[in-house]
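Trainee: here is a sequence together with a model predicted from it:
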Amino acid sequence: MNLLRAAASVSAMTLASRVTGFIRDTLIAIFFGAGFVTDAFTVAFRIPNLLRRLFAEGAFSQAFVPILGEYKAKHGDEKTRELAGKVLGVLAVALFVATLAGILAAPLIVYATASGFTQDADKFALTVTMLRICFPYILFISLVSFCAGLLNTYGSFKAPAFTPVLLNLSFIGFIVLAAPRLAQPGLALAFAVFVGGALQLAFQIPFLKRIGMFPRPRWDPKDEGVLRILKLMAPAALGVSVAQISLVINTNIASFLGTGAVSWLYFADRLMEFPSALLGVALGTVLLPSLVRHHASDDTAGYSRLLDWGLRLSLVLALPAALGLALLALPLISTLFWHGEFTRADVFQTRSALVAYAVGLGGLITIKILAPGFYARQNIRTPVKVAIATLVVTQLLNLVFISMLDGRMKHAGLALSISLAAWFNAGWLWWLMVRSGHYTPQPGWAAFLLKIGVALYLMGGAVWYAMGSENSWFEIPAALRAGKLALVIALGALTYFAALRLMGVRLRDFTRH
């Protein structure tokens, strides 16, 4: 399998998701701005999103995919489908219980995760109502992730990568068609989450049937394969929980920083997630099944080369994306969100958060390459230990930045804490992987990084010159802003890749895997 081509196909689907996601966020900015309703929805949606990462993208997938890949390699399709049915039965029951508990405990959850909202009874009540509507999303999206694990194991990457588009289309439809007709327009956002989750699950089912892996759910929690997955999930759940606890703490702190702080971080995070998903998630998705195969066949050299390939490709793409986000933060935010209820002051506050997030983009994407290296070897404890240490580092940095930064800049300190801690996490994972002997860096890393540095310097100069003054972005119509932004991005990308090409680094060199 050509992994670069597979990653490119996942990135293409992810691009469609992110483009529709930007349309969604632009509509949220136009209809609701960075105020009361958006703050409430951000908290309400974040909670099932955190559980989604725990059940779906986190602990479950980290334990499920390696065992599933092992069964496929050693026992064949029939045993693999049988295991999938047993896992589905246990997962569905656990998710139903978690969803019901979340709906009943919604006021307590909001109080625990956004204590600052208790100062405004209306905001607190709206957040609770939104959370109750959103909570079944965890059931839908976790089953979507179960389907995606099966499809990815069998080399089908496009359908799982496309499903987030359906959530965004649900948002767009509900904001445009339902919000103006509701007594509380903000509830349209919560209903969009519920319907979008159901659509994503329904979309996956035909693809499972096509590959002959549509499982029949069975309740057998004592099955050997199920028990192995549950055993792996325990430390994985702890590790993912630690990462999500950090986000919850940051959201809670932001809820005390005044109206808008939660929303500024949300919009900045959405922009930062664009390259993170386009690069990190795509590469991590295609790497994990391949790393599992190398590990299952005891091909240590191939395993090491594959990790090296992933790290080089991630850095050659992530670092210019990070620089671009930092330099073009204001043009991006003014072009995408400066409409309707989203004010000029909101643009500057969101810009501060985005620049802080951009600092850690390379680290976040590197983690998405290194962590699957541990998961493929069914070693989940090591990333968990690193995650716990990262949580401590993040919160210590929060204390420093909250005390140092002035008033309306404190939210940017929360973003910067996450960024610096991401590099701490990535660096420690890299060191542990090298020390274990499972990864040996290939020759030429120093020259490779030097070439990237030179290309980044030239790209930064070109973008800075072409961007012009910040005020000029507020003085031209929206269509011209979008056109100018596209040209500046194109100039930056052309400068960067041309410089790399002149120094002998070509993207086609990464097609060897």
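Mentor: Good, I have the coordinates.
Trainee: quick one: neighbours of the closest residue to His411 other than its chain neighbours, just the number.
Mentor: Distance criterion CB to CB, 6 or more residues apart in numbering; nearest residue to His411, sequence neighbours excluded, is Ala261 at 4.5 Å. (Each C-beta comes from the backbone N, C-alpha and C, glycine too.) Ala261 sits with 24 neighbouring residues when counted by other CB atoms under 10 Å.
Trainee: name the helix or strand for Val128, please.
Mentor: With elements delineated by DSSP states H and E, Val128 resides in helix 121-134, which encompasses its position.
Trainee: next structured bit after that helix?
Mentor: On the C-terminal side of helix 121-134, the closest following helix or strand by DSSP H and E is helix 137-153.
Trainee: against which helices or strands is that following helix packed?
Mentor: Contact partners of helix 137-153 among helices and strands, from 3 or more CB pairs under 8 Å, 6 or more residues apart in numbering; DSSP states H and E: helix 36-52, helix 59-75, helix 77-104, helix 158-162, helix 187-210, helix 282-296.
Trainee: and Asn379, backbone torsions?
Mentor: Main-chain dihedrals, Asn379, degrees, to the nearest 10: phi -110, psi 90.
Trainee: correction: Glu341
Mentor: Given degrees, to the nearest 10, the pair of backbone angles that Glu341 has is phi -80, psi -10.
Trainee: what about it, how many neighbours?
Mentor: For Glu341, the neighbour count with other CB under 10 Å is 15.
Trainee: my guess is it meets Ala29, correct?
Mentor: Yes: contact criterion CB atoms under 8 Å: Glu341 and Ala29 qualify, at 7.1 Å.
Trainee: quick check: next helix or strand after the lowest-mean-pLDDT helix or strand in the chain?
Mentor: Sorted by mean pLDDT, DSSP states H and E, the helices and strands of the chain end with helix 282-296, the least confident at a mean of 71. Stepping forward along the backbone from helix 282-296, the first helix or strand reached (DSSP H and E) is helix 300-327.
Trainee: for the residue nearest to Ala482 when sequence neighbours are not counted, give its distance to Ala446.
Mentor: Counting by CB to CB, 6+ apart, Thr335 is the residue found nearest to Ala482 once chain neighbours are left out, at 5.3 Å. In this structure, Thr335 lies at 38 Å from Ala446, with CB to CB, to the nearest Å as the measure.
Trainee: okay, those two: which has more neighbours?
Mentor: When Thr335 and Ala446 are compared on other CB under 10 Å, the one with more neighbours turns out to be Thr335, at 23 against 8.
Trainee: the more buried one: what's it in contact with?
Mentor: In this structure, Thr335 makes contact with 473, 478, 481-482, 485, judged by CB atoms under 8 Å, 6 or more residues apart in numbering.
Trainee: of these - the most surrounded one?
Mentor: Across these, the neighbour count under other CB under 10 Å reaches its highest value at Trp473, namely 22 neighbours.
Trainee: let me know the pLDDT of it.
Mentor: According to the per-residue confidence, Trp473 scores 90 in pLDDT.
Trainee: now swap in Thr42 and tell me
Mentor: Reading off the confidence values, Thr42 has pLDDT 86.
Trainee: my guess is Leu189 contacts Phe171. True?
Mentor: Yes: applying CB under 8 Å, one finds Leu189 in contact with Phe171, separated by 7.0 Å.
Trainee: low-confidence bits of the stretch 351-500 of the chain, can you list those?
Mentor: Per-residue confidence for the stretch 351-500 of the chain (pLDDT under 70) gives no ranges below the cut-off.
Trainee: how about the helices of it, start to end?
Mentor: For the stretch 351-500 of the chain, the helices defined by DSSP state H, counting those that start in this stretch occupy 361-376, 381-404, 410-436, 445-467, 478-502.
Trainee: so what does the second one touch, helix or strand wise?
Mentor: In terms of contacts (3+ CB pairs under 8 Å, 6+ apart), helix 381-404 is packed against helix 224-254, helix 361-376, helix 410-436.
Trainee: against Ala322, how distant is Arg351?
Mentor: Applying CB to CB to Arg351 and Ala322 gives a distance of 15 Å.
Trainee: try Ala389
Mentor: Using CB to CB, we find Ala389 at a distance of 23 Å from Ala322.
Trainee: before we move on, which element is Asn109 in?
Mentor: Just to correct that, residue 109 is Ile rather than Asn. Secondary-structure assignment from DSSP H and E places Ile109 in helix 106-113.
Trainee: which other helices and strands contact that helix?
Mentor: Contacts of helix 106-113 with other secondary structure elements, assessed using 3+ CB pairs under 8 Å, 6+ apart, are made with helix 36-52, helix 121-134, helix 224-254.
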